[in-house]
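K.L.:
Sharing a sequence plus its predicted fold:
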Amino acid sequence: MNAVLEGYADKEPQWLSELTHLERPWRETRCGVKPGEPCNSVIPKDLMQEYYGGLEDAEEG
């Protein structure tokens, strides 16, 4: 948690939003929805765990 705060605490909300929208869980969940169009799909927890857990493993290796 501290590493996340150190890395992102000073970032603007719009920057953080744009960053997350580039990541695989967001892209896969919105697959087929055009940019700017609303989408009520919920990103599955297992997809978030797989993606973000893999990032942690990559940092350690």
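P.N.:
Received the coordinates, thanks.

K.L.:
Tell me where this structure has helices.
P.N.:
Per DSSP state H, the chain has helices spanning 2-8, 13-21, 24-29, 45-60. These are given in chain order.

K.L.:
ok, the residue positioned nearest the centre of the chain to W26 distance?
P.N.:
With distances taken as Cα atoms, centre = their mean, T20 lies nearest the centre of the chain, 3.7 Å away. Going from T20 to W26 by Cβ to Cβ, to the nearest Å gives 6 Å. C-beta: built from backbone N, CA, C; applies to glycine.

K.L.:
same thing with L47?
P.N.:
Per Cβ to Cβ, L47 is found 10 Å from W26.

K.L.:
ditto for C39
P.N.:
Using Cβ to Cβ, C39 is found at 10 Å from W26.

K.L.:
neighbour-wise, which of those two wins?
P.N.:
W26 (18 against 12; other Cβ atoms under 10 Å).

K.L.:
quick one: contacts for that one?
P.N.:
By Cβ atoms under 8 Å, 6 or more residues apart in numbering, the contact list for W26 reads T20, I43.

K.L.:
Mind doing that once more with 10 Å?
P.N.:
Residues in contact with W26 (Cβ atoms under 10 Å, 6 or more residues apart in numbering) are S17, L19, T20, C39, S41, I43, L47, M48, Y51.

K.L.:
hang on, the earlier thing: mean pLDDT lowest for which of the helices of the chain?
P.N.:
Lowest mean pLDDT within those: helix 45-60, at a mean of 82.

K.L.:
what's the closest of the helices of the chain to P35?
P.N.:
For P35, the closest of those is helix 13-21, at 8.6 Å, according to Cβ to Cβ.

K.L.:
Packing partners of the closest one?
P.N.:
Counting contacts by 3 or more Cβ pairs under 10 Å, 6 or more residues apart in numbering; DSSP states H and E, helix 13-21 is packed against helix 2-8, helix 24-29.

K.L.:
what's next to it, contact-wise?
P.N.:
Y8, K11, E12, W26, R27, R30, P35, I43.

K.L.:
Many thanks, we can stop here.
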